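**Q** could you look at this predicted model? Sequence included:
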Amino acid sequence: MSPPTSFPFPFTIAPDTDLWLKPAPINGPPTSLPLISTSQPTFYVAVPLASFVRAAVTVSFLPQVLYDQAGLALLFPRDTSKWVKGGLEYVDGVAQRSVVVTTGGGKGADWSVSPPAPGTADATGRVRTVVEFEREEEGTGTSLFIKIGGEIVREVTWAFSAPGDAKEELWVGFYGARPAKPEVAGNFAVSVEKWELDVKKGY
């Protein structure tokens with residue numbers, strides 16, 4: 001879905017939605033794995049990968065059940081098992097700063113969480129933050145820096161590495177998800193207060 005043109009933008013998310021990938025165990029007993037979920041609603045813009053500079057979103061929501069989440073996502077349509085998402089996610093009773101990355105090839109997701117920035121939650125428990133994905137080119141290579149609440153929480157070194165095609169497409173946008181089953185919780189409401197996307201011209 002394309003992003004809206006006016007803000008704030010409220011959207012409602014059904015339960016049993018997620019962006020997640022967990023492979024089957026090696027030499028393990030038969031299970032329900034691999035677990036692949038790409039059911040999260042995402043409002044995105046398609047841009048050339050080489051043109052991406054920065055994306056930012058300001059989101060707010062009232063977390064209620066485990067894994068309620070909202071933030072930014074980068075999706076690589078050439079490989080649906082390759083993506084990056086970052087934002088706030090409700091874990092251990094707190095809306096933590098959360099980042100999940102997958103490198104493609106169905107290899108599974110790498111998840112990390114860290115405590116929220118001071119002032120993320122208000123007196124009612126509603127949380128609000130700014131999530132930023134930014135290309136970094138001043139170091140030894142080109143990386144994706146992920147900032148949540150004004151602080152860098154993750155560096156993804158492979159996001160812009162050796163693209164086979166300078167015009168390879170990238171989907172950039174904001175998303176929300178409620179992995180809880182319908183019998184556990186109903187719909188999940190997220191408000192997007194601001195959305196920004198900067199790209200290089202000429203691609």
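**A** Yes, it's here. Numbers count the residues shown, from 1 in each chain.
**Q** going forward, measure contacts and count neighbours with C-alpha atoms only.
**A** Fine.
**Q** my guess is Gly106 meets Pro23, correct?
**A** Yes: if you go by CA atoms under 8 Å, Gly106 and Pro23 touch, sitting 7.1 Å apart.
**Q** which ones are touching the residue nearest the centre of the chain?
**A** Centroid-nearest residue in the chain: Lys85, 2.2 Å away (criterion: CA atoms, centre = their mean). Contacts for Lys85 were tallied using CA atoms under 8 Å, 6 or more residues apart in numbering; they are Gly71, Leu72, Ala73, Leu74, Val99, Val100, Val101.
**Q** same deal with Ala159?
**A** So Ala159 contacts Ser143, Leu144 (CA under 8 Å, 6+ apart).
**Q** this protein: strands as residue ranges?
**A** 9-13, 19-22, 35-38, 42-48, 52-61, 69-75, 82-91, 94-103, 109-114, 127-136, 143-148, 151-156, 169-177, 188-199 (DSSP state E).
**Q** now render those strands as a markdown table, adding mean pLDDT and distance to Ser2.
**A** Compiled in a markdown table, the strands of the chain are given as follows (pLDDT from 0 to 100; distance: least, CA to CA, whole Å):
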| stretch | mean pLDDT | distance to Ser2 |
| --- | --- | --- |
| strand 9-13 | 97 | 13 |
| strand 19-22 | 91 | 18 |
| strand 35-38 | 75 | 17 |
| strand 42-48 | 95 | 5 |
| strand 52-61 | 98 | 14 |
| strand 69-75 | 98 | 13 |
| strand 82-91 | 98 | 17 |
| strand 94-103 | 97 | 23 |
| strand 109-114 | 96 | 25 |
| strand 127-136 | 98 | 18 |
| strand 143-148 | 97 | 22 |
| strand 151-156 | 97 | 25 |
| strand 169-177 | 97 | 9 |
| strand 188-199 | 98 | 12 |
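**Q** give me whichever of those is most buried.
**A** Of all the strands of the chain, strand 69-75 has the most neighbours on average by mean count of other CA atoms under 10 Å, namely a mean of 27.
**Q** which helices and strands does that one pack with?
**A** strand 52-61, strand 82-91, strand 127-136, strand 169-177 (3 or more CA pairs under 8 Å, 6 or more residues apart in numbering; DSSP states H and E).
**Q** sorry, back to before: can you redo the strands of the chain as TSV with distance to Ala121?
**A** Compiled in TSV, the strands of the chain are given as follows (distance: least, CA to CA, whole Å):
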stretch	distance to Ala121
strand 9-13	18
strand 19-22	24
strand 35-38	28
strand 42-48	24
strand 52-61	9
strand 69-75	14
strand 82-91	11
strand 94-103	8
strand 109-114	15
strand 127-136	4
strand 143-148	14
strand 151-156	16
strand 169-177	18
strand 188-199	14
